[in-house]
Structures are given as C-alpha cells and as structure tokens.
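> below are the sequence and a predicted model for it; my questions follow.
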2 protein chains.
Amino acid sequence: MMTRRIGEVLKNSQPDESVTIQGWVRTKRELKGFAFIEVNDGSSMANLQVILNPDVPDYEESLKKLNTGASVEVSGILVPSPGKGQRIELEASSIKIYGESEPETYPLQKKRHSFEFLRTIGHLRSRTNTMGAVMRVRNACAKAIHQFFQERGFLWVHTPIITASDCEGAGELFTVTSLNLNDLPRTEKQEIDFAQDFFGRRAYLTVSGQLEAEVMAMAFQKVYTFGPTFRAENSNTSRHLAEFWMVEPEMAFCDLKGDRELAEAFLKYIFKSVLDNCPEDMEFFNQRIDNTVLATADNIINNEFACITYTEAVKLLEKSDRQFEYPVEWGVDLQSEHERYLAEELFKKPVIVTDYPASIKAFYMRLNDDGKTVAAMDVLVPKVGEIIGGSQREERLDVLEKRIKELGMLEKDLWWYLDLRRFGTVPHAGFGLGFERVVQFMTGMGNIRDVIPFPRTPLNAEF
Amino acid sequence: MMTRRIGEVLKNSQPDESVTIQGWVRTKRELKGFAFIEVNDGSSMANLQVILNPDVPDYEESLKKLNTGASVEVSGILVPSPGKGQRIELEASSIKIYGESEPETYPLQKKRHSFEFLRTIGHLRSRTNTMGAVMRVRNACAKAIHQFFQERGFLWVHTPIITASDCEGAGELFTVTSLNLNDLPRTEKQEIDFAQDFFGRRAYLTVSGQLEAEVMAMAFQKVYTFGPTFRAENSNTSRHLAEFWMVEPEMAFCDLKGDRELAEAFLKYIFKSVLDNCPEDMEFFNQRIDNTVLATADNIINNEFACITYTEAVKLLEKSDRQFEYPVEWGVDLQSEHERYLAEELFKKPVIVTDYPASIKAFYMRLNDDGKTVAAMDVLVPKVGEIIGGSQREERLDVLEKRIKELGMLEKDLWWYLDLRRFGTVPHAGFGLGFERVVQFMTGMGNIRDVIPFPRTPLNAEF
C-alpha cells in the first residue's frame, strides 16, 4: 500500500482516486449519522477533510478515539468537496488509529494558544498551524540558500564549531571543556591548567566561521558556511538567540562591489524561492501574523537595491526632519531607527550602506584610501533594518598587521590568518546573514524563539 | 570583464575563445623564450596550463614573481594543447599578479608532503591536489544528502547543539558554560551552582539530534538533521573526531523495513551522485589513495543489499572457518572484523544486519515480540564495515517506561520524549550516518582528520 502526503494529494489529486494518508487528527465534528475528521501530516497548512460514515468498520469505537492529536491512517476515495475552501475530501473506507490522545491531558486543544505557552511545550508546538508554517518556510529558505550557492559554484565548507581562537571578536564566548569542574587542575601559579583540558588549551564555541571560510576561499575561490554559531550574551530580547545558524559566503578575487551584487542577488533569490514554494504558508503569515510580509518580500524581489556610503547616509539623516532617539553624527554607528528610516521612509526599498568608519568596524575589514573608512557594507531592508553585514577583507599584510597591533590583538594568535596574506593574497570579500533573523523577517514572527525548533536563550535549554 | 572558473573552461571551452581566469600558480616551467604556468582555482583537480610568451607586458618581471602559490589573473585566447592529458591551454595576452609567494618560505612546494605535515598547515593544505579533491567530494556528498531528502519531502530540521539532556547516551560529553571557572559559584552544599550558569542548569554539546528529530517527525512525518555532533572521548585514532557532522533522518509511520529501504536508497544515491559529479576526483583517489574506492562505490550502487538478522549473522560467523580475534556468540556486539567478514567475504556486497540483542542497544529501540531483541539495524559495507546504524523506535509508552526504569534512567529528564508516546504515538524509525566516515570511505583517505577542513581531536583545536 502506497501512502501519500496530504499536501501532495490536495494539490494534485482528482475525485475518484483511491488514496491512503497518515497523519494526526486536528479536529473532529460529529454530525447526524456521520463525522468530519480533519487530518494533517505536516506537509501542508491545509488539512485533508475525512468523511467518516457509519459503514466504516468499527465506526462507533473509532469515533470515540478520534480526538485532537490522535494518529491515524485513512484509506478511501476522494470526492469533490461541497465545503468552502477545499477542492476535495476523502470518503473513508477504513480508518486505523495508531495512537490516541486524551482530550483531558493533551495540551493542544482547538483554542488559540499564546506563543509563550507554546514555547513551554516545544515538543508539541510544531503540530500547530503557525509553527508548522514556520518550519516549512524555514526548510524552504535553507534549501534555497544551498541551491543559490551550489548553482553558482560555491563549495559548502564546514568551519569548526569548537575553536581555540577568541579573536573572532563578535561578542561573549561559551567555554567548552571536558575538565572535571569540581576538581579543576591548577598550574604552579594556581591558574586553571587548560593544558590538561581536552584540546590542550582553552576552547570556545565559535561566533563566526568567517576567518576559516577565508582560508577555504583562498583554495576554492568561492565557498560558504551554513552552520551554528553562538553568543554567550545575556540578551533576553525577541531578536537574540544564544545558538543560531549563520550563512557566510566568502569569495576570492572579489571586491565590495562584487560582494554587494552577491548579497542583492542572494536576498532576491531566497525570498522568491520561499514565495514560490510556500505560497500557502506565506499567505497565512500575511493574514494572521503581519500583514506586511508579502509586501516586504515583493519589495526585496522587485526593486534594485539603493546604494549609498555611510557618509552620505549620515548627511541624509542629519538633513531629515525626523527626531531620532539617538542623534546622528559622523563616526557613530547607525541605530535601528536610522536604518529603518533610510530603507522604509527615504528609499522605500532595500538600501546598501557602504564604507563605514574604521573605528566602529572589525579588524579584518579593508581600509579605504581615505585612511578612515573601511570597505564594509550593511544591507538594510524596510520593516526589518539590517539583514546582512559584510565587507571586503584587508588583503594587504602590512596594513592588517598594523591594524592588529593598534587594536592590541596578538599576532601570534592569528599567524595562520596572516599567512593567507603572505602567500598568494588576493582581494576577497564576504558577508554574514543570521538565518533565524531572515526566517523571522520572512514570516513576520514577533519573537525569534518561535522560528527555531528548540531555542537556546538565557536560562532556557529545554528539550 | 567576465571571469570563468577553470573547471568549467576545461570542460566546455573551444579553441579561439577569449577567457579570463583567476587562481593560484601550482608550477612554473621556464623554457627557451617562453614559460608554462599551471594555474588552479579549486574548481577542478586539473590545472589550466598558461603559455606565457615574451610579448606579454612585463614578461620578465612577471616571470620572476610567478612562483608556486602566487595569485594571478590571466586573460588570453584558448588554443589546442599539443601536450598530453589536456585538450586546451591558454595563451596569455596579459597576466596580473595579485599576491606573491616566496619560494623560500611558502610551505607547499612541488614535492609530495605527508598528510601529517599538511595537518600542521591546515590553513594551506586545501591548496594541494588531494585535499582539494577531498573538499570537492565532501561538498558533492553534502549536496547529494540534501537533495535526496528534499526530493522525498523530508524537512531539514535544526536540532539543538547545546543541550541540557545527558541521556542521549552515546558517549562522553563536553560541558558548555559561561561561568567564570576561576570563581565558580557554589551552593550551600558546596556543589557547583549551575543554576547561575547561562542556561540555569548544566549544559552539554549534543551527541545526537535523534530525540529532537523524533519530536519533529511527529509533526512533519519525515525530517532529517544534518549538523555537528560531539564526543569528548579521548580516542586518538584514524576514525574518531571530537567534532563531526551527522545525518539523521526520522520517519513517522515507518517500521524497520521502511528504514532499511530508505538507508539502501540513500547510500546508493549519494555514492552515485558523487561519482557523477566528481569523476575526476574519484579517479584520483582510486589511482593514488586506495585502488578499491571505485569498486566499493560500484558495489554499493549496483547490488541489492543483503539482509540478515543478528541471530543469523552470529550463526554464519560461528560456522565460518575464519579465526576471529574476538570470538562470537549470541549476545555480544559484532566487531569490525565480523562486520567486514560478512560484507566482504561472505556476501561480497552491502549487508543489513537487523534485530540485535536489546542488551547491547540503546533504550529507545523497539522491543521485538521475542522480548530479547530490538528492531535495530546496522548497514555493513565491504572494505568499510558499519556505515549506518538505525532502528525502529519504541512507540509504546508502557514498554518504553519499563526500559527506562530498567536502565536506571530518569523519567523526569525524558518527560517530553515520553509525551510523544502519550499523544498520537506512531511507529517510527530512523538512522544515523557519520558524515566524515562516509567521506572517508568514499575517498579511501586513511585518516578521518583529512576529510574535514579543521579537525578537532584530543589536544588539537588549531585554526
């Protein structure tokens, strides 16, 4: 017996076809002499409506067990549906119940649950409409990311999760250890003796794969990472996770212009791909969660991105009538309010801001000829703010060494990174995109904890 | 100016085309009045041979700088190659050198380097033939894995890397902490107060995403993980990594038979896909690294896998004339020598062994009706041994609870996992595949440290 997925049946099937489907009961409606059962198998937002007539074997007994959450297999014939919103429904000839679900204890009843409550049942929440849609969009977006890069000859490279380097410089680090914390080994100076730890030195969870991606780009020209990264920051906000997935392309023989072009093509591609592959889910988000998500996607896909320098951006912001909470002047970092003003109100489309002051950007960004700005870029999107940050990297050994010294960083920790500039150095560039941020923006979900299956945040590592 | 990748040029181009390529010099041969430069950009094993004639601007000066490792951009016209092993070569009209590479200090000279040495220069080793081929095969395999599952309607789910659960039960765990190790907070009982740690409890790096994948399969029917997992085992062998990527599909409404079928289709697909996409690299491995890799791939792709129970396997092993280092009897786990004997000598093709004694398998595996074996499977491959381990999961709440008690595990730690059996439980199954193991087997590389860009092993977390 061939079973089929409900999403596929709803899309492709015709009346009179015999089908068998498997899934979980969403609702049961008992009418006079028969019942409607809505079944969902996670392949689509829409349920398949099953008509259960009394001639189905064990009708009465089955009906008692067919509560929300029960798992079933239904065989029958498809018939045209007289009901609104569905083309076909399934007239059951037999139904098998695998697992029951007691209405008294099953936490997911018909009523609407708050996202806060659903987070406490992370093991069940994917069975709801919203979380189901989120996870399908998340998958479609991840798939589009791989497709985009693979079609363009980029290699997916797996940069290390555990790193001994603390100079990636993007925030606070988690320590990874196999030492017995109750009996930490000590050196003669009474410091913790990390030489006795698993890796023979202190180790951390990575905050970015960029530096290692640069290594790989110097051999394969075009590479990308797509893997988990970590921040031990005590940020209890709707936009921060301690564990999140990041996408970081890196290209040799590429300057900031090439980087910009890639970022624009990339964003257009993944938004379009998700719209094409999850139209029903995206429609749901637009109707139920945030009625701007389709317009935002459309705006990204169909507009040529604007491009201005940081210096121009500051002038535009200074000129504006708008009262900002944080005043703007050359040299300060742009705040979310500034970024959104530029993208939403001034340009009304995505804007790439380039050439930021060196003083507010990372050590590896390429110094411009003016000696005070670097070849950095941020991609700002209406309703969202910054979605991508990237830069051309400093490929000149002497300039990079000088910068590392100025910042008080240790060259000896970066010997291998500097070697890339010693041997066959090339202009190169890349960017980073927080995967959950993008899924959050695509779906309009208010809290980033609701776009990852099992969020890790301060005081929370459940499931 | 449109630049092209060397692999694409070598495959698709015709003489008389104008092209520009960018890459790194592999070798330089100076002849009377002209020079050959071999350039590689990581897109293929083969280099593009560049002919440099004295009429190229700055000929003499360029020639001095064109040492192994230097980065270049070459424009010119393709011409038929009189040389052996190449169809076309590039007659340069101009050459630009981006970065030099001093022959005195560049560690990668023409001579053959040992893999041990190359591990000490992990930031440069991907520029060698072998490591280049490994990373291309690795990418092709990763791509094939996603394609296989996406084509079949599986969702890629991201299970957590940081977990508070220590009951995944697959070995020793790394601790993840943001506590100040020099000043650990203590409870009144003088125990370490993990309540003050980032997650409010002790946290670890995951050893498997399976339990969480089961959660997701109970909502989406078919899911897979593809992410990093960790073992804090002090195993300094050629087949162990402390950090490695794992693939774990999980299917609801699926028994061991369905699991077997998926595993067989999956292995055939990824081996075939890599052969199709990296023929040159696979040929290289067969010639230079292990002359059985093509035959092994062929064996996997073209044979129907055998399937025997553990009990049958033990009988076959007991009957054999072969002297094993570890004697076999019912109840003991099969060793690598037994597995290889079954696959290589007895069946001469992949063998799936099923229904192992419960006592040697994990708590979540489904108890068979005999009360002493579980619905587990290992897929054994000639020359390789075990490549996949999987099982049908115990979906019956009472049986699972009994097993958890027997093993002295705590039900309260697994409340959410047990809930999956309380609410709409279904037969379900899945398996796990160590990604680096597969790449190692595909390529015949002797040491697993040479199939991941930056290996993490005891006392080693460099780069």
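Yep, that arrived. Keep in mind that what you see is a predicted model, and the values were worked out from it rather than measured.

> pLDDT averaged over the top strand by length along chain A - what is it?
Ranked by residue count under DSSP state E, the longest strand found in chain A is strand A:18-31. For strand A:18-31, mean pLDDT is 97.

> elements contacting whichever helix or strand comes after it?
Heading C-terminal from strand A:18-31, the first helix or strand you meet, by DSSP states H and E, is strand A:34-40. With contacts defined as 3 or more Cβ pairs under 8 Å, 6 or more residues apart in numbering or on different chains; DSSP states H and E, the packing partners of strand A:34-40 are strand A:18-31, strand A:48-52, strand A:71-80. No exception for glycine: its C-beta is placed from N, CA and C like everyone else's.

> mind checking how far the second one is from the chain centre?
What it means is strand A:48-52. Relative to its chain's centre, strand A:48-52 lies at 35 Å (Cα atoms, centre = their mean, to the nearest Å).

> which elements pack onto that strand?
By 3+ Cβ pairs under 8 Å, 6+ apart, strand A:48-52 packs against helix A:6-12, strand A:34-40, helix A:59-65, strand A:71-80, strand A:88-99.

> now do it and strand A:71-80, the angle between them.
90 degrees (axes from the mean of the first three to the mean of the last three Cα atoms, to 10 degrees).

> hmm, who's touching strand A:48-52?
Around strand A:48-52, the neighbours that count as contacts under Cβ atoms under 8 Å, 6 or more residues apart in numbering or on different chains are A:6, A:9-10, A:21, A:23, A:34-40, A:59, A:62-63, A:66, A:74, A:76, A:79, A:81, A:83, A:86, A:89-92, A:95.

> buried among these? Need that as a selection in ChimeraX.
The buried residues among the contacts of strand A:48-52 can be selected in ChimeraX (16 or more other Cβ atoms under 10 Å in any protein chain shown) with this line:
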select /A:6,9,10,21,23,34,35,37,38,39,40,59,62,63,66,74,76,81,89,90,91,92,95
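
> adding mean pLDDT, write the helices and strands packed on strand A:48-52 out as TSV.
Below are these laid out as TSV (pLDDT from 0 to 100):
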stretch	mean pLDDT
helix A:6-12	96
strand A:34-40	97
helix A:59-65	96
strand A:71-80	98
strand A:88-99	98
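
> and residue B:153, which of the ones you listed is closest to it?
helix A:6-12 (7.7 Å; Cβ to Cβ).

> what is the closest one packed up against?
Against helix A:6-12 (3+ Cβ pairs under 8 Å, 6+ apart) you get strand A:18-31, strand A:48-52.

> residue A:417 contacts residue A:210, doesn't it?
No. Counting by Cβ atoms under 8 Å, residue A:417 stays clear of residue A:210, with 10.2 Å between them.

> residue contacts, residue A:255?
A:375, A:392, A:427, A:429 are the contacts of residue A:255 under Cβ under 8 Å, 6+ apart.

> oh, that last question was meant for residue A:150, not what I typed.
Applying Cβ under 8 Å, 6+ apart, the residues near residue A:150 are A:156, B:143.

> let me see the mean pLDDT of the strand or helix carrying it.
Remark: residue A:150 resides in helix A:129-151, with elements defined by DSSP H and E. Mean pLDDT, helix A:129-151: 98.

> quick one: the helix or strand following that helix to chain centroid distance?
Of the helices and strands lying after helix A:129-151 in sequence (DSSP H and E), the nearest is strand A:155-156. Remark: strand A:155-156 is offset 18 Å from the chain centroid, using Cα atoms, centre = their mean.

> which other residues reach the helix or strand just after strand A:155-156?
Downstream of strand A:155-156, the next assigned helix or strand under DSSP H and E is strand A:162-163. For strand A:162-163, the surrounding residues in contact (Cβ under 8 Å, 6+ apart) are A:176, A:199, A:203-206, B:174, B:205, B:230, B:242-243, B:456, B:461.

> change it to 6 Å
A:176, A:203, A:204, A:206, B:243, B:456, B:461 (Cβ atoms under 6 Å, 6 or more residues apart in numbering or on different chains).

> which residue packs closest to the fourth one, ignoring adjacent ones?
Spelled out, that is residue A:206. Among residues not flanking residue A:206 along the chain, residue A:163 sits closest, at 4.8 Å (Cβ to Cβ, 6 or more residues apart in numbering or on different chains).

> now residue A:323, what's its secondary structure?
When classified by DSSP: H, G, I helix; E, B strand; the rest coil, residue A:323 comes out as coil.

> and it, how many neighbours?
7 (other Cβ atoms under 10 Å in any protein chain shown).

> need the phi and psi values for the closest residue to residue A:350 other than its chain neighbours.
Sequence neighbours aside, residue A:305 is the residue nearest to residue A:350 in space, at 4.4 Å (criterion: Cβ to Cβ, 6+ apart). Dihedral pair for residue A:305: phi -70, psi 140, per degrees, to the nearest 10.

> just the one 4 residues further on next, same as before
Main-chain torsions, residue A:309, degrees, to the nearest 10: phi -80, psi 160.

> and if you look at the one 3 residues further on?
In this entry, residue A:312 is assigned phi and psi values of phi -60, psi -40 (degrees, to the nearest 10).

> can you give me the helices for the stretch 201-350 of chain A?
A:210-220, A:256-277, A:279-284, A:293-302, A:310-319, A:336-340 (DSSP state H, counting those that start in this stretch).

> what segments of the stretch 351-463 of chain A are strands?
Here the stretch 351-463 of chain A has its strands, by DSSP state E, counting those that start in this stretch, at A:351-357, A:373-381, A:385-393, A:428-434.

> just put those in TSV and tack on mean neighbour count, distance to chain B and mean pLDDT.
Shown next, in TSV, are the strands of the stretch 351-463 of chain A (neighbours: other Cβ atoms under 10 Å in any protein chain shown; distance: least, Cβ to the nearest Cβ, whole Å; pLDDT from 0 to 100):
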stretch	mean neighbour count	distance to chain B	mean pLDDT
strand A:351-357	23	22	98
strand A:373-381	25	16	97
strand A:385-393	23	13	95
strand A:428-434	24	10	98
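
> take the ones you listed and write them to JSON lines, including distance to residue A:252.
Shown next, in JSON lines, are these (distance: least, Cβ to Cβ, whole Å):
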{"stretch": "strand A:351-357", "distance to residue A:252": "20"}
{"stretch": "strand A:373-381", "distance to residue A:252": "15"}
{"stretch": "strand A:385-393", "distance to residue A:252": "10"}
{"stretch": "strand A:428-434", "distance to residue A:252": "5"}
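
> thought residue A:233 was touching residue A:172?
Yes. With contact defined as Cβ atoms under 6 Å, residue A:233 reaches residue A:172; the gap is 5.3 Å.

> what bridges to residue A:391?
residue A:376, residue A:430 (DSSP bridges).

> how many other residues sit next to residue A:318?
When neighbours are counted by other Cβ under 10 Å, residue A:318 comes out with 12.

> out of everything not next to it in sequence, what's closest to it?
Distance criterion Cβ to Cβ, 6+ apart; nearest residue to residue A:318, sequence neighbours excluded, is residue A:328 at 5.9 Å.

> let me see the contact set for that neighbour.
A:314, A:317, A:318.

> now do it, the pLDDT please.
Reported pLDDT for residue A:328: 95.

> check residue A:112 too.
84.

> where does it sit: helix, strand or coil?
Criterion first, three-state DSSP; result for residue A:112: coil.

> what is the burial count for it?
Neighbours around residue A:112, by other Cβ under 10 Å: 9.

> again, but for residue A:55
9.

> which SS class is it?
Assignment for residue A:55 (three-state DSSP): coil.
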